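Q: What follows is a predicted structure for the sequence shown.
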Amino acid sequence: MKTTLAIALVPMLLLAGCAQSGDEEEAASLAADEQAQLEANKKIVLDMWHEVLDGQNFDVASDYIAQDYIQHSPGIESGLDGLLDYLKTSRPGAEPLEPGTYPLTEFEFVLAEGDLVQLMHQRELPSRDDPDTLVPVWWYDTFRVENGKIAEHWDSIHR
């Protein structure tokens, strides 16, 4: 009886081990897919920043930014057209720069979680106490990516 019971239990234990191994493989596959999506989201945001903002190539903004883009920055309208109006107004006469001929913003951190990507870098701004003196300040931009395009933006601008 004990031998029969042991013989019956061995296949069940083997099947349970296979099922657990399958679950682990599926979990690893899902984690790899999630990591690939995070990297793709980072690439969309960084490519947009470098090409559209650093390179002043506003004509390609729609490659990266959704038409119904939501903008949380004060003084900038939502929608791709609102962003383009702001960029063209704030950089009058800006012409697209040839790739490789302009400096790229250097980010200290590029963080991604879920559908959000946050860029962190330093900029120099005039001091409140002495406008002729530039002081380094941290700048944060957070983007939400949806369906391969930037759908929403927040930053650390306070007005």
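A: On my side now, so go ahead.

Q: State which strand of this structure is the longest.
A: strand 134-146 (DSSP state E).

Q: Would you mark the buried spots in it?
A: For strand 134-146, a neighbour-count test (16 or more other CB atoms under 10 Å) marks 139, 141, 142, 143, 144, 145 as buried. C-betas here are computed from N, CA, C, even on glycine.

Q: Mind putting the residues you listed into a markdown table with pLDDT?
A: Formatted as a markdown table, the buried residues of strand 134-146 follow (pLDDT from 0 to 100):
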| residue | pLDDT |
| --- | --- |
| 139 | 92 |
| 141 | 96 |
| 142 | 98 |
| 143 | 98 |
| 144 | 98 |
| 145 | 98 |
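
Q: Identify the farthest-apart pair in these.
A: Farthest pair in the buried residues of strand 134-146 (CB to CB) is 139 and 145. Separation: 19.4 Å.

Q: Any idea what the one residue sitting closest to the centre of the chain is bridged to?
A: Nearest to the geometric centre of the chain sits residue 117, at 2.8 Å (CA atoms, centre = their mean). Beta-bridge partners recorded for residue 117 (DSSP bridges): residue 112, residue 143.
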